[in-house]
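In: Sharing a model that was predicted from the sequence below.
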Amino acid sequence: MGHFLSDLADKPALGVWATLADPLAVETVASLRPDYVCIDMQHGEAGTGDLVGLLQAVAAGGSVPVVRVPSNDTAIIGKALDAGAAGVVVPLVNSGHEAARAVRACRYPPAGNRSFGPFRARISSRTGEPAELDQVACIVMVETKEGLDNVEQIAATDGLACVYVGPSDLSLALGLPPRSVKDPRFIEVVEKILSVCGTNGVVPGIQCTDGSSALEALEQGFKMVTVASDLASLAAAVSKELALARREASPSS
């Protein structure tokens, strides 16, 4: 048994980001059967009290539930996993030491320091065995200048599943506007991250805004790719229909 990123030999994992803390919206997205749906506690609406309902909604829709926690905090990571997340995305990881801290928070002793209390995870995983509950994906984000400087150490962290690129913060770290994904400086560091992940057998992941940018990321070699987010997709869809109704776009466009 392994986590949901254990075997991506045949196809990558394609996901959707959930910024809304609405179970129906999350279930609807999950019913489209992306490989994962990530509940965003860092830059999304969800708080700790929303987690159980949202993770239940992902499961009801038929996808794998992941949570981006707001920080590299052992207690918050444990709470998300106890609620039934199959993996956690940890933002702003700057060193191998910080990556190891995130991994330890996902593992029970002696491998880590996760406290035992899987109040919902024992239900969703159908097990209360620590060795099986340990099979969750620890995904860390490299998105700062310090993180880039230490990406080799980060990727070499034992037990790490994925190094995940946050394009907006990474662009800012390079002195560029958010999401400067076409800039040669951004492309250069992305190639470095992909190379380091390959050397260490770690899944490379990235946040995309739409299917077109996701296809480009897949062609670059990323294996965990977030294709879209719920709120942005909702806004884009409504905007398109309003434009059509207002004759600002032709029906054939």
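Out: Noted; the coordinates are in hand. This structure is a prediction, so every number in the text was calculated from the model and none was measured.
In: Which helix or which strand is home to Asn94?
Out: Remark: Asn94 resides in no helix or strand, with elements defined by DSSP states H and E.
In: Without its sequence neighbours, what residue ends up closest to it?
Out: Among residues not flanking Asn94 along the chain, Glu146 sits closest, at 4.1 Å (C-beta to C-beta, 6 or more residues apart in numbering). (C-beta placed from N, C-alpha, C; glycine too.)
In: what are the phi and psi angles of the one you found?
Out: phi -60, psi -40 (degrees, to the nearest 10).
In: ok, it touching Val93?
Out: No - in this structure Glu146 lies outside contact range of Val93 using C-beta atoms under 8 Å: 9.4 Å.
In: Run through the stretch 101-250 of the chain and note the low-pLDDT ranges.
Out: For the stretch 101-250 of the chain, the stretches flagged by pLDDT under 70 are 248-250.
In: what about Glu146 and Val93, which has more around it?
Out: More neighbours surround Val93 than the other of Glu146 and Val93, with 28 against 14 (other C-beta atoms under 10 Å).
In: need the contact list for the more buried one.
Out: Applying C-beta atoms under 8 Å, 6 or more residues apart in numbering to Val93 gives the contacts 72, 99, 102, 140-142, 147, 154.
In: what's the spacing between the residue nearest to Asn94 and Arg185?
Out: Per C-beta to C-beta, to the nearest Å, Glu146 is found 17 Å from Arg185.
In: cool, Cys106 as well?
Out: Counting by C-beta to C-beta, the gap from Cys106 to Arg185 is 33 Å.
In: For this protein, which segments count as helices?
Out: Taking DSSP state H, the helices of the chain run over residues 23-30, 51-61, 74-82, 96-105, 121-124, 130-133, 145-149, 151-155, 167-173, 184-200, 211-220, 230-245.
In: closest to Arg68 out of the ones you listed?
Out: Checking those against Arg68 by C-beta to C-beta gives helix 74-82 as the closest, at 8.9 Å.
In: who's in contact with the closest one?
Out: Residues from elsewhere that reach helix 74-82, judged by C-beta under 8 Å, 6+ apart: 41, 48, 51, 67, 69-70, 88, 90, 101-102, 104-106, 113-115, 117-121, 133, 136.
In: ok, for Lys192, nearest residue in space, not its chain neighbours?
Out: Among residues not flanking Lys192 along the chain, Val151 sits closest, at 6.8 Å (C-beta to C-beta, 6+ apart).
In: check contacts around that neighbour.
Out: Listed by C-beta under 8 Å, 6+ apart, the contact set of Val151 reads 142, 163, 192-193, 196.
In: Take those and lay them out in a markdown table including neighbour count and distance to Asp210.
Out: Formatted as a markdown table, these follow (neighbours: other C-beta atoms under 10 Å; distance: C-beta to C-beta, whole Å):
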| residue | neighbour count | distance to Asp210 |
| --- | --- | --- |
| Val142 | 30 | 22 |
| Val163 | 27 | 22 |
| Lys192 | 14 | 25 |
| Ile193 | 25 | 21 |
| Val196 | 19 | 27 |
